[in-house]
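1. no sequence for this one, just the structure:
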């Protein structure tokens, strides 16, 4: 069965690039730019892996991560957080909130594919 990734990213060029490289590697990829809607989707239909942007309109990736880790359904979901802000304070906060992996933009396509494979155990 095809593994599923949800990409929560408000920059269309980035989300489309991630969708393309993961689909080419055999993943089913859903994309949304709406972090608030994503929280509900994550709880009702959890993906195998979540790729989460830190800076989203209306809600931050930190807020989404906090909500996921507080819910028994999603608390162990693998989360790759992407950000253009590579400050160590952001990385430390993401780790404190329970992120699985942290990657700064720009990123290498091969690194994203490798991280998703590793987090999904495939």
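-> Sure thing, it's come through. Predicted model, so just to flag it, every value in this text is computed and none were measured.
2. low-confidence ranges in the chain?
-> 1, 122 (pLDDT under 70).
3. do a quick rundown of the strands in it.
-> In the chain, the strands defined using DSSP state E lie at 4-8, 28-32, 49-53, 79-83, 101-104.
4. out of those strands, deepest packed?
-> Counting by mean count of other Cβ atoms under 10 Å, strand 49-53 has the highest mean neighbour count of the strands of the chain, with a mean of 26. To be clear about C-beta, it is placed using only N, CA and C from the backbone, and glycine gets the same treatment.
5. among the strands of the chain, which comes closest to residue 92?
-> strand 101-104 (9.6 Å; Cβ to Cβ).
6. list the contacts of the residue nearest in space to the middle of the chain.
-> Residue closest to the average C-alpha location in the chain (Cα atoms, centre = their mean): residue 51, at 1.5 Å. Going by Cβ atoms under 8 Å, 6 or more residues apart in numbering, residue 51 touches 5, 6, 7, 8, 9, 18, 79, 80, 82, 112, 116.
7. now, which of these sits nearest residue 33?
-> residue 9 (6.6 Å).
8. what sits against the spatially closest residue to residue 85 that is not a sequence neighbour?
-> Once flanking residues are discounted, residue 85 sits nearest to residue 54: 6.4 Å by Cβ to Cβ, 6 or more residues apart in numbering. Residues near residue 54 by Cβ under 8 Å, 6+ apart: 60, 61, 62, 81, 82, 83, 84, 85, 90, 94.
9. what subset of the residues you listed is buried?
-> Neighbour counting with 16 or more other Cβ atoms under 10 Å marks 60, 61, 62, 81, 82, 83, 90, 94 as buried within the contacts of residue 54.
10. name the nearest residue to the second one, sequence neighbours excluded.
-> It refers to residue 61. Per Cβ to Cβ, 6+ apart, closest to residue 61 is residue 54, 4.0 Å.
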